[in-house]
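S.K.: Provided below for reference: sequence and predicted model.
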Amino acid sequence: MTKVKSGLTRRHALGVAAGAAVALAAPHVRAAQKLRIGLATKTWWPSVVAETAVAQGFFAKAGIDAELTVYRSGGEAFEAMAAGSADMINGLVSQIATGRTRGVNTRIVALAASANTGWKLMVKTGSPIKSVADIAGKKVGITTAGSLSDFMALWSRSNYKIDFTSVPLGGGGLVPNLLSGNVDAAIVYSPLSFQVAQAGQAVSLVDYATAIPSHLAVSWSAPDTLIDKQPDLIRSALQALYGTVGFIQKNRDQAVKIIATANGITPPVAIQEYVETFQKLSPDGAFTMEQVQVACDLARIGGFQNLAPPDQIVTTAFTPVAAGA
């Protein structure tokens with residue numbers, strides 16, 4: 001995992017890329033409250049949102065001192081929250097529901113995305129694998145067990161009636177191992193999926209954004225103890241995060257520069273990431289129980305068992321988020 005501290009190069013680059021910083025931070029009557037946010041991997045969109053919230057002063061305005069930690073996968077981030085090392089992460093229904101039956105009491109507090117935008121099952125250009133059926137018996141790269149890529153691998157086995165070997169590679173290992181031939185295919189997230197496609201290095205067999213029905217795909221989640229004892233902290237954090245989403249969605253040129261700088265990608269790739277991912281993020285975190293139920297049904301199709309009931313893994317007390325408050 002990588003700790004992201006205030007003032008480091010990556011965060012500073014986000015502020016520079018955004019142009020003249022918006023003067024958002026206001027004098028505080030009381031000291032800022034510390035909040036430890038676990039991020040699944042360096043280049044996935046939640047990291048950009050969280051770090052932009054710091055660079056543009058949204059957390060400061062909300063009275064929060066945000067400590068961001070980047071992990072190798074969503075599975076690691078969830079383990080950190082379960083161990084008490086993270087206060088908020090991008091959780092999945094499958095993680096929260098199976099964790100709760102094991103005594104890991106966390107809940108979803110807001111919808112982040114209702115589709116797996118940018119996630120694709122990819123093979124190297126020129127590969128003899130031409131269809132999903134050809135994946136049978138092959139090695140497929142994922143980040144880690146319990147991650148979003150692992151869920152998609154499980155869902156793919158069930159949906160396409162095939163079997164293959166999932167190979168945990170971490171977020172940073174997916175593309176290098178795919179292009180080197182160490183795995184036959186990989187489940188790749190954006191903007192990496194857009195980058196290798198635009199470069200002609202890999203092609204997509206499945207676009208999970210459209211293949212999987214709309215549901216509570218990605219959330220912001222927190223432990224019950226924090227939700228119950230410090231609801232104002234959760235509310236303030238969500239105001240900062242969704243305020244940042246609104247800022248990004250309303251300022252295309254600045255946002256593209258931020259995305260390009262944060263991820264070390266070219267403007268064309270950043271534009272595709274902006275259009276296909278950031279423009280489709282939830283603006284207020286609101287969700288329905290139907291979306292939660294569909295997510296639970298998909299988790300079962302993907303092979304997850306012993307799921308806690310939908311009403312035990314979410315709270316609607318914080319949505320819709322008043323991002324402008």
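M.R.: Alright, I've got the coordinates. Numbers count the residues shown, from 1 in each chain.
S.K.: what count of nearby residues applies to residue 176?
M.R.: 12 (other C-beta atoms under 10 Å). All C-beta spots, glycine's among them, are computed from the backbone N, C-alpha and C.
S.K.: just residue 298 next, same as before
M.R.: Residue 298 - counted by other C-beta under 10 Å - has 23 other residues nearby.
S.K.: now for residue 284: which residues touch it?
M.R.: With contact set as C-beta atoms under 8 Å, 6 or more residues apart in numbering, residue 284 has these partners: 242, 319-321, 323.
S.K.: part of a strand, is it?
M.R.: No - per DSSP: H, G, I helix; E, B strand; the rest coil, residue 284 lies outside any strand segment and is coil.
S.K.: hmm, back to that, make a PyMOL selection of the buried ones in the contacts of residue 284.
M.R.: For the buried members of the contacts of residue 284, the matching PyMOL selection, counting by 16 or more other C-beta atoms under 10 Å, is:
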select buried, resi 242+319+320+321+323
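S.K.: any idea of the pLDDT on the residue most central in space within the chain?
M.R.: Nearest residue to the geometric centre of the chain (C-alpha atoms, centre = their mean): residue 46, 4.9 Å. Per-residue confidence (pLDDT) for residue 46: 94.
S.K.: straight-line length of stretch 138-153, end to end?
M.R.: 12 Å (C-alpha to C-alpha, to the nearest Å).
S.K.: look up how far residue 109 lies from the residue lying closest to the residue nearest to the centre of the chain once chain neighbours are set aside.
M.R.: Leaving aside its chain neighbours, residue 46 sits nearest to residue 90 (4.7 Å; criterion: C-beta to C-beta, 6 or more residues apart in numbering). To residue 109, residue 90 is 11 Å away according to C-beta to C-beta, to the nearest Å.
S.K.: who touches both of these two?
M.R.: With C-beta under 8 Å, 6+ apart as the test, residue 90 and residue 109 both reach 219-221.
S.K.: among those, which one sits closest to residue 73?
M.R.: For these, the residue nearest residue 73 by C-beta to C-beta is residue 221; the value is 15.2 Å.
S.K.: next helix or strand past the helix or strand encompassing the closest one?
M.R.: Element membership for residue 221 (DSSP states H and E) is strand 218-223. The helix or strand immediately downstream of strand 218-223 is helix 224-229, counting by DSSP H and E.
S.K.: and that following helix, which residues are buried?
M.R.: For helix 224-229, a neighbour-count test (16+ other C-beta under 10 Å) marks 226-227 as buried.
S.K.: helix or strand right after it?
M.R.: Helix 224-229 is succeeded, C-terminally, by helix 231-250 (DSSP H and E).
S.K.: one step back: so who does the residue nearest to residue 46 touch?
M.R.: 39-40, 44, 46, 74, 77, 112, 218-221.
S.K.: which of those sits closest to residue 189?
M.R.: Taking C-beta to C-beta as the measure, residue 189 sits nearest to residue 44 out of the contacts of residue 90, at 5.5 Å.
S.K.: which residue is the nearest non-sequential neighbour of that closest one?
M.R.: residue 189 (5.5 Å).
S.K.: do residue 157 as well
M.R.: residue 163 is the one closest to residue 157 (C-beta to C-beta, 6+ apart), at 6.0 Å.
S.K.: residues touching the one you found, list them.
M.R.: 136-137, 157 are the contacts of residue 163 under C-beta under 8 Å, 6+ apart.
S.K.: can you select the buried ones from those residues in ChimeraX?
M.R.: Applying 16+ other C-beta under 10 Å to those, the buried members can be selected in ChimeraX as follows:
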select :157
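S.K.: what does stretch 292-301 rub up against?
M.R.: By C-beta under 8 Å, 6+ apart, the list of residues contacting stretch 292-301 from outside reads 92-94, 97-98, 108, 151, 155, 158-159, 212-217, 307, 310, 313-314.
S.K.: in that stretch, which residues are buried?
M.R.: Residues of stretch 292-301 classed as buried: 292-296, 298-299 (neighbour count, 16+ other C-beta under 10 Å).
S.K.: what are the ranges of the strands in the chain?
M.R.: Remark: strands assigned in the chain by DSSP state E are 2-4, 33-39, 64-70, 88-89, 106-113, 120-124, 139-142, 165-168, 185-188, 202-207, 218-223.
S.K.: hey, C-alpha coordinates of the last one in CSV?
M.R.: Taking only C-alpha atoms (Å, rounded to 0.1, in the frame of the first residue of the first chain), the coordinates of strand 218-223 have been written out as CSV:
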residue,chain,number,x,y,z
VAL,A,218,-19.4,0.9,-6.3
SER,A,219,-20.1,2.7,-3.0
TRP,A,220,-18.6,4.7,-0.2
SER,A,221,-18.7,2.6,2.9
ALA,A,222,-17.8,2.9,6.6
PRO,A,223,-17.8,0.9,9.8
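S.K.: having no further points to raise, I will conclude here.
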